[in-house]
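Student: Provide a 3D model corresponding to the input given below.
(chains A and B)
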Amino acid sequence: MITVQLPDGSERSLPAGATALDLAGTIGRGLAKASVAAVVNGTATDLTAALNDGDHVSIVTDNTDDGRHVLRHSTAHVLAQAVTRLFPGTKFSVGPAIEHGFYYDFDLPDGRTLSDDDLRAIEAEMKAIVSADQPFIRSEMSPDEALQLFADQPYKCEIINRVRAASGDSLDAAEVGRGDVISAYRNSDAFVDMCVGPHVPSTGRLGYFALQRVSGAHWRGDEGARMLQRVYGTAWESKSALDEHLTRLEQAAARDHRRLAIDLDLLSFPSEIGGGLAVWHPKGAIVRRIMEDYSRLRHERGGYQFVYTPHLTKGTLFETSGHLDYYADGMYPPMEMDNGTYYMKPMNCPMHCLIYASRQRSYRELPLRLFELGTVYRYERAGALHGLMRIRGFTQDDSHIFCTEEQLADEVASLLDFVLSVLRAFGFDDFTFNLSTKDPNKYVGTDDIWERATEALREALERHGLEYGIKEGDAAFYGPKIDIDVRDAIGRSWQLSTIQADFNNPQRFDLEYVGSDNNRHRPIMLHRALFGSVERFFGVLLEHYAGAFPTWLAPLQVRVLPVSSAHEEYAAKVVEQLRAAGARVDSVGADDGLGRRIRAAKLEKVPYVLVVGDDDVAAATVGVNPRGGEVERNVTVDAFIKRLTAEIDESTRRALNA
RNA sequence: GCCUGGGUAGCUCAGUCGGUAGAGCAACGCACUCGUAAUGCGUAGGUCGUGAGUUCGAUUCUCAUCCCAGGCUCCA
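Tutor: Have a look, this model is predicted:
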């Protein structure tokens, strides 16, 4: 007999050789059925592994994150087996579990690629493997034995060799673990895969999965390496969990900003103009204008000085800044002109540097904050474009702050306040912060200044009591930065704002100020954007609100609907009153039924629909049908105007003081 | 840039095994004048992304190209 300890501290005695699955069975049939793996003495283990006396054991069930991870990873093995069955000679590389699912990368014989039809066939083959209830049988071996076992799997051999040479990465580790002992899981005589595990006891435990898409993926994520066929899938513990997930995906698709931009007539991407270049329609332009006006107002109050700079510049400017060396690929190609080579600007900072450098600066002017809604052009690669989120022409709410090193921490601290206040104004309140530090292989400036600037950013974060992550080596070459991600209404995270220190440009543009000591000093430059790009921020907002902009931002705030044409004159009067009060309002005559017109207004997500009929004409009232609220009759026009302006003022006021 | 799909009416899509295309919604017209999410009837609307090739004939097949979607890579 052996005795094992459970997570609650209790002990169980089991016959020698018993497994975690046996243990789960003694605790309860339900647990045994839901179990997919175990954690033994802190290590994830197969349910079928024999337990030892004194082990600390907890059972991993299929409705936990860890349990789903096991399900997904095991399903990836089934996928690999199905593909090798259908396409003999397939070489497979890696197939990890990922958030919500899994993928597996394949190199099919003769460079064959997979189509969507293939996916359906593979899925059917996978179902057959699940029905066959094949066991997952673990074995362990030395690297040499593994090289022999996987002799016809070059990708596996490469992983084994790399790990043995101690240069493996985390993806490799998921395959082979420590490297001195390599484990493999066999499902059948014909299929064995190298893997750390753990796995479910048999394929019959799986089945609630769906293959989603096929795509190319470079081996080891290296663009120069061979392109493999990657199959993505999702897997869950039950049909209902799978269905819920698929439903969530549909709901997310329904609030896709590209869909909403078309439905709500906000903007479009005419192919005549070219990929990644948007035109803003009147309704989208209203929202954008309010966003920009708001941004200008906040910057004006925040002590920023507004500047304008051109969209074109001689290439020499970007030679000075160094961007041509680093980012020429990401810039629009040069235009040869009679007095030099010109480029569209991919950023505003060098031009702001020139404004700084246009005359001698005193320490008394610092911090000097230059602000511009600056439109820039970047040649994003065709495959990288994504609606407003990744776009080739966009407008940054861009500011460059020139300050002394001593001012850096204070300036960053007040910037954090500013950023959060602006983001809150637009309805975001869940933020995460990341501090990116020096990439030892790619940086300018002395170690000393990096150290002090990084410390200043850290101090600013800590002064706010903010929790933050560290991204080692993720800084731009010119200085450390703080990135701010926001979480939207459906839980997705977006990186919007950024605050970056820059030691490069001040040096390259030879920026100076005269200090109180009458000597010349070099300022530090801060780049910062709050929206990031106006376009992208608009896209995130659109998805955040699912198109239902709050009243202060809504393109149309009120629509007045006369019950019949007899009430159109009164409706026009109401419109006039509302317009005089500053509301964006229109009216639709009674050519169509009232229900139809209300439906149309609801689909346009107008915040307020006002219905006016006989009663209202008689009493100077309106019927108020608010978006997402209850209908209210007999509200006087004055009362509604008061309510509307109070709501708009309130959100604007809150926005200004947040 | 690479892999896999796709581009047909304003939108969502069907269709043509090669013989110049159809639905729903939207638009327009007429009737209806209606109290809170779809009134009825009718009309119009497309060189089937663009260019070339094969063919008696191409929206359909081939090639090129542009654009879109999902990935990979990239993102100052």
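
Student: so how far is stretch A:365-374 from its chain's centroid?
Tutor: Averaging C-alpha positions (CA atoms, centre = their mean, to the nearest Å) puts stretch A:365-374 29 Å from its chain's average.

Student: do it and RNA strand B meet?
Tutor: No - using CB under 7 Å from any atom of the strand, stretch A:365-374 stays clear of RNA strand B, coming no nearer than 12.7 Å. The way it works is simple: take the backbone N, C-alpha and C, and place the C-beta from them, glycine included.

Student: Run through who's touching that stretch.
Tutor: For stretch A:365-374, the external contacting residues (CB atoms under 8 Å, 6 or more residues apart in numbering) are A:292, A:295-296, A:299, A:302-309, A:345, A:347-348, A:352, A:355-356, A:361, A:395-404, A:407, A:411, A:513, A:523, A:534.

Student: Filter these down to the buried ones and hand me the PyMOL line.
Tutor: In PyMOL, this line selects whichever of the contacts of stretch A:365-374 come out buried by 16 or more other CB atoms under 10 Å:
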select buried, chain A and resi 295+299+302+304+307+309+345+347+348+352+355+356+361+395+396+397+398+399+400+401+402+403+404+407+411+513+523+534
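
Student: Also within reach of RNA strand B: list those from the contacts of stretch A:365-374.
Tutor: When CB under 7 Å from any atom of the strand is applied, the members of those adjacent to RNA strand B are A:M347.

Student: Now, the contacts of stretch A:365-374 that are in strands?
Tutor: The members of the contacts of stretch A:365-374 that map onto strands under DSSP state E are A:305-306, A:395-403, A:513.

Student: Would you mind checking which of those residues is nearest to A:R186?
Tutor: Within the ones in strands among the contacts of stretch A:365-374, proximity to A:R186 (CB to CB) peaks at A:Q396, which comes in at 55.1 Å.

Student: Look up which residues are beta-bridged to that closest one.
Tutor: A:G374, A:S533 (DSSP bridges).

Student: Tell me, what's the model's pLDDT at it?
Tutor: The per-residue pLDDT reported for A:Q396 equals 95.

Student: dump the residue contacts of it.
Tutor: A:347-348, A:373-376, A:529, A:531-534.

Student: so can I have CSV of those residues showing pLDDT and distance to A:A82?
Tutor: Formatted as CSV, those follow (pLDDT from 0 to 100; distance: CB to CB, whole Å):
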residue, pLDDT, distance to A:A82
A:M347, 93, 48
A:N348, 95, 52
A:L373, 96, 53
A:G374, 94, 52
A:T375, 94, 50
A:V376, 94, 47
A:A529, 95, 47
A:F531, 95, 46
A:G532, 93, 42
A:S533, 93, 43
A:V534, 95, 47
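
Student: now the residues you listed: which count as buried?
Tutor: Buried members of these, scored by 16+ other CB under 10 Å, are A:347-348, A:373-376, A:529, A:531-534.

Student: Turn the residues you listed into a markdown table, including distance to A:R85.
Tutor: Listed next are the buried ones among the contacts of A:Q396 as a markdown table, based on distance: CB to CB, whole Å:
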| residue | distance to A:R85 |
| --- | --- |
| A:M347 | 52 |
| A:N348 | 56 |
| A:L373 | 58 |
| A:G374 | 56 |
| A:T375 | 54 |
| A:V376 | 51 |
| A:A529 | 52 |
| A:F531 | 51 |
| A:G532 | 47 |
| A:S533 | 48 |
| A:V534 | 52 |
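
Student: any idea which of those residues is closest to A:P15?
Tutor: Taking the buried ones among the contacts of A:Q396 together and measuring to A:P15 by CB to CB, the closest member is A:G532, at 61.9 Å.

Student: Need the pLDDT of the closest residue in space to the closest one that isn't next to it in sequence.
Tutor: Using CB to CB, 6 or more residues apart in numbering and skipping residues adjacent in sequence, the residue nearest A:G532 is A:L496, 4.6 Å away. pLDDT, A:L496: 91.

Student: residues contacting A:T645?
Tutor: If you count contacts by CB under 8 Å, 6+ apart, A:T645 has them with A:581-583.

Student: and what of A:F538?
Tutor: Applying CB under 8 Å, 6+ apart, we find A:F538 in contact with A:257, A:284, A:287-288, A:291, A:388.

Student: So which of those sit within helices?
Tutor: Members of these lying in helices (criterion: DSSP state H): A:257, A:284, A:287-288, A:291.

Student: Pick out whichever of these sits closest to RNA strand B.
Tutor: Set against RNA strand B, the nearest of the ones in helices among the contacts of A:F538 by CB to the nearest atom of the strand is A:H257 (9.5 Å).
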